[in-house]
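> what's the 3D shape of this:
(one chain, ligands or ions: 1)
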Amino acid sequence: MIDYRNIAPRIETSVELLLRNKMWISNKAEIEDFGLELQTRIRDSSRVQKTVKFGKIPSFRILGVATDVNNHGIGVGLGRSRNKVDARVKSFNNAKKNLKFLLLGCGSLACDKNCTKEHSLTKRTTGKCGSTIALLMPAELGSGIVASPRVAEIIRQMGIKDLRVKIRGSRNTMNCVKAVYEALLSYTRE
Ligand SMILES: [Zn+2]
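Okay, the predicted model is just below:
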C-alpha cells in the first residue's frame, strides 16, 4: 500500500477540503457555489400502477444518477410521480442531494509499487442492495473499467479510469446501481 503522507500536498479544491472534514454537499445553492458541473442521467425507469376503487393510476418511478467527473462525485436518487417529467426532475434533485465525493488513489497489487497516480480506488469496497452485492476492486493502470456496460458508464463519468466490478445476486439495473453506490459510500481513502 502507498503511504499517502509522503505524497507532496497539492493545492486542495474546496470540494477536497469538504471531503477531509467528512462533509456532504446537500443543497443546490452549495453545488453552484462550488462550481460543480454535474452530469445527470436516467439509469432506470419503470411504470408502476396503483389500483384504487375506481380504476388504476399509472405512475413513473425513475432512478437518476448525478456524477462529477472532475471531483469524482456520485449521487443517486429516486423520483416518483404520475408525470414522467416530474419523476425525472425529482430523481435528479434527490441525486444532487446525496452527493458523495471520492479521493482516488491506487491500491492495485499489479501496479508498479511506486504508482502514485489517482486512477483507481485504494482498496476493495462492497455494497449491498436487496439480494445484489457489488464488489469494487482496484485495477492496474491502463486496464480500464471491467463491469457491465451500465455500471461502467457511471464509473467512467466519475472520472475513475481503472476498476473491476463484480456483481453477485440479482442483476436488476436499479439494484446494481444502488449496490455500486452503497459500495462507494462506504469507501474512504484513509
Ligand atoms: Zn496504479
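
> contacting residues for the spatially most central residue of the chain?
What sits nearest the mean C-alpha location of the chain, by CA atoms, centre = their mean, is residue 74, with 3.7 Å. Contact partners of residue 74, counting by CB atoms under 8 Å, 6 or more residues apart in numbering, are 65, 66, 67, 68, 99, 100, 102, 154, 158, 181, 184. (C-beta placed from N, C-alpha, C; glycine too.)

> Turn these into TSV, columns for distance to residue 121 and secondary structure.
Written out in TSV, the entries for the contacts of residue 74 read as follows (distance: CB to CB, whole Å; DSSP: H, G, I helix; E, B strand; the rest coil):
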residue	distance to residue 121	secondary structure
65	18	strand
66	20	strand
67	16	strand
68	16	strand
99	18	coil
100	13	strand
102	7	coil
154	14	helix
158	11	coil
181	14	helix
184	9	helix
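
> picking that back up, tell me the secondary structure at the residue nearest to the centre of the chain.
When the structure is reduced to helix, strand and coil (DSSP: H, G, I helix; E, B strand; the rest coil), residue 74 reads as strand.

> Just the pLDDT for it.
Per-residue confidence for residue 74 comes out at a pLDDT of 90.

> count of neighbours near residue 84?
16 (other CB atoms under 10 Å).

> and it, what does it touch?
If you count contacts by CB under 8 Å, 6+ apart, residue 84 has them with 45, 60, 62.

> How about residue 119?
Contacts here follow CB under 8 Å, 6+ apart; on that basis residue 119 touches 104, 106, 141, 160, 161, 162.

> make it 10 Å
When contacts are counted by CB atoms under 10 Å, 6 or more residues apart in numbering, residue 119 is found next to 104-106, 108, 111, 138-143, 159-163.

> try residue 62
Residues in contact with residue 62 (CB under 10 Å, 6+ apart) are 42-46, 77-81, 84-92, 94, 174.

> Tell me how many other residues surround residue 38.
A count of neighbours around residue 38, defined by other CB under 10 Å, yields 19.

> circling back: would you mind checking which of the contacts of residue 84 is nearest to residue 122?
The shortest distance between residue 122 and any of the contacts of residue 84, using CB to CB, involves residue 62 and amounts to 32.9 Å.
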